[in-house]
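Novice: Sequence first, then the predicted structure, then my questions.
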Amino acid sequence: MKVFENRTIVLLSKHGKEKAIQPIMESETGCNFIVENQFDTDTLGTFTREITREKSQLETAREKIKICMDWANSEISIASEGSFGPHPMFPIPWNVEIILLYDKRENYEIFGIYKGPETNFDHIITCDWDEAVKFAQKVGFPEHFLILRPSNDRGKPVIKDIDTIEKFEKAFKKCKTRSLTRNVFIETDMRAHANPTRMKNIELATKDLVKKLNNFCPKCGFYGFVVSDVLKGLPCGLCGLPSDLTKKYIYSCHKCSHKEEEVHPHGEVASPQYCHNCNP
Ligand SMILES: [Zn+2]
Ligand SMILES: [Zn+2]
């Protein structure tokens, strides 16, 4: 018997995210999957060009879950939330995708995550059509849609759903005419249905979720036996002082509170390059 056999999961989505989420949830959990696409999730805030912290990303996903429970009276709800921006430390683009699941009957929340540089997230400001076309090629247009505005990131009107070269050229001319500087702001469309790369990352986050769901408590058999605490301080291989690397994972069961430890998940000592003493 699979983890959600004979139970129903509801997803609130209007951007086709079910394409990535539904097949995996159905085959890996045995659930009955329902997509609720009547609610406009964009009212919860659309993408900005700033990366959001994972915490606020989780909060937004929780908001969606609440709405889903009210709207569809769902017992198990699932929500997806992504963020895009520069990596917090390196000059590369960064995408974080969270798939949050809440089981009302068990009052249990669990999430899957993807973090990585696989994204076409980008923009350009130009008045030159050839440069615009080059940018489009670089970001994987037309499979990946574009969004255009006159002048800058606050220009109006915003022209969306650009998925052919004809629409692109027409929108470019229109925005150029409306722009005092003659510049056009072109950006990648990060909505799931408009961005196959993002869809792939949502799929990876969903796979992470089902992997966690299908980890059962060795004592009571409840689903989602996952790491609840990480203990740092793995000793340095050279001087023996504690480093920032993980020493222990602690798994715990939501149902019966059973705990298990995984000692040294990444080796017994830390390389001196992670040691504050040897490599300050
Ligand atoms: Zn248990
Ligand atoms: Zn050391």
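Specialist: Here it is on my side, so go on. Numbering: from 1, shown residues only. Ligands and ions are numbered 1, 2, ... in the order given.

Novice: Quick one: residues contacting K156.
Specialist: Neighbour list for K156: 149-150 [criterion: C-beta atoms under 8 Å, 6 or more residues apart in numbering]. The way it works is simple: take the backbone N, C-alpha and C, and place the C-beta from them, glycine included.

Novice: what separates it from I125, distance-wise?
Specialist: Separation of K156 from I125 (C-beta to C-beta, to the nearest Å): 15 Å.

Novice: Same question for N215.
Specialist: Using C-beta to C-beta, we find N215 at a distance of 47 Å from I125.

Novice: Please apply the same query to F141.
Specialist: Distance, F141 to I125, using C-beta to C-beta: 17 Å.

Novice: Give me the more crowded residue out of the two.
Specialist: Using other C-beta atoms under 10 Å as the criterion, F141 and I125 rank with F141 on top: 22 against 17.

Novice: thought that one was touching F168?
Specialist: Yes: counting by C-beta atoms under 8 Å, F141 does reach F168; the two are 7.3 Å apart.

Novice: and the chain, which of its residues are near ligand 1?
Specialist: Within reach of ligand 1 by C-beta under 5 Å from the ion, the chain has these residues: 217, 219-220, 222, 253, 255-256, 258.

Novice: now these as JSON lines including distance to R7 and neighbour count?
Specialist: Shown next, in JSON lines, are those (distance: C-beta to C-beta, whole Å; neighbours: other C-beta atoms under 10 Å):
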{"residue": "C217", "distance to R7": "18", "neighbour count": "20"}
{"residue": "K219", "distance to R7": "22", "neighbour count": "14"}
{"residue": "C220", "distance to R7": "18", "neighbour count": "13"}
{"residue": "F222", "distance to R7": "14", "neighbour count": "16"}
{"residue": "C253", "distance to R7": "19", "neighbour count": "21"}
{"residue": "K255", "distance to R7": "16", "neighbour count": "15"}
{"residue": "C256", "distance to R7": "20", "neighbour count": "12"}
{"residue": "H258", "distance to R7": "23", "neighbour count": "15"}
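
Novice: and the residues you listed near ligand 2, which?
Specialist: Among the residues of the chain next to ligand 1, none lies close to ligand 2 by the criterion of C-beta under 5 Å from the ion.

Novice: Make CSV from these and add pLDDT and secondary structure to it.
Specialist: Listed next are the residues of the chain next to ligand 1 as CSV, based on pLDDT from 0 to 100; DSSP: H, G, I helix; E, B strand; the rest coil:
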residue, pLDDT, secondary structure
C217, 98, coil
K219, 98, coil
C220, 97, coil
F222, 98, coil
C253, 97, coil
K255, 97, coil
C256, 97, coil
H258, 97, coil
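
Novice: Good, we can wrap up now.
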